[in-house]
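Engineer: would you be able to build a 3D model of this:
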Amino acid sequence: MAEETYEQQLKDSDMLFTQISTSAIDNLQDATRLLVVTYVPDMTISRAGISHALKRLEAHYNNQA
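Structural biologist: Prediction:
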């Protein structure tokens with residue numbers, strides 16, 4: 001697999017974060033489950049982008065509590 005650029009990682013993170021944080025999901029556990037089950041198997045999305053999105057989602061849902 002080719003090495004992703006930093007810009008691609010941020011693009012992937014932005015896309016994942018936006019899709020999940022603007023959905024009807026209202027808790028971190030369900031958001032994390034959705035991201036992992038849906039996007040980890042997709043090899044077109046950068047692993048670093050997924051990791052970054054997970055951290056952003058954690059902060060997002062913890063700030064809502």
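
Engineer: so how far is the longest helix seen in the chain from its chain's centroid?
Structural biologist: Counting by DSSP state H, the longest helix found in the chain is helix 47-64. Computed by C-alpha atoms, centre = their mean, to the nearest Å, the chain-centroid distance of helix 47-64 equals 6 Å.

Engineer: residues of it that come out buried?
Structural biologist: Under the neighbour-count criterion of 16 or more other C-beta atoms under 10 Å, helix 47-64 has 48-50, 52-54, 56-57, 61 buried. For glycine as for every other residue, the C-beta is placed from the backbone atoms N, C-alpha and C.

Engineer: using CSV, write out every CA atom in that helix.
Structural biologist: This file holds the C-alpha atoms of helix 47-64, laid out as CSV (Å, rounded to 0.1, in the frame of the first residue of the first chain):
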residue,chain,number,x,y,z
ARG,A,47,-5.3,4.2,8.8
ALA,A,48,-4.0,7.5,10.2
GLY,A,49,-7.1,9.2,9.0
ILE,A,50,-9.2,6.7,10.9
SER,A,51,-7.1,7.0,14.0
HIS,A,52,-7.4,10.8,13.9
ALA,A,53,-11.1,10.7,13.4
LEU,A,54,-11.5,8.4,16.4
LYS,A,55,-9.7,10.9,18.6
ARG,A,56,-11.8,13.7,17.2
LEU,A,57,-15.0,11.8,17.9
GLU,A,58,-13.9,11.0,21.4
ALA,A,59,-13.3,14.7,22.1
HIS,A,60,-16.6,15.6,20.4
TYR,A,61,-18.8,13.2,22.4
ASN,A,62,-17.0,13.8,25.7
ASN,A,63,-17.6,17.6,25.3
GLN,A,64,-21.4,16.9,24.7
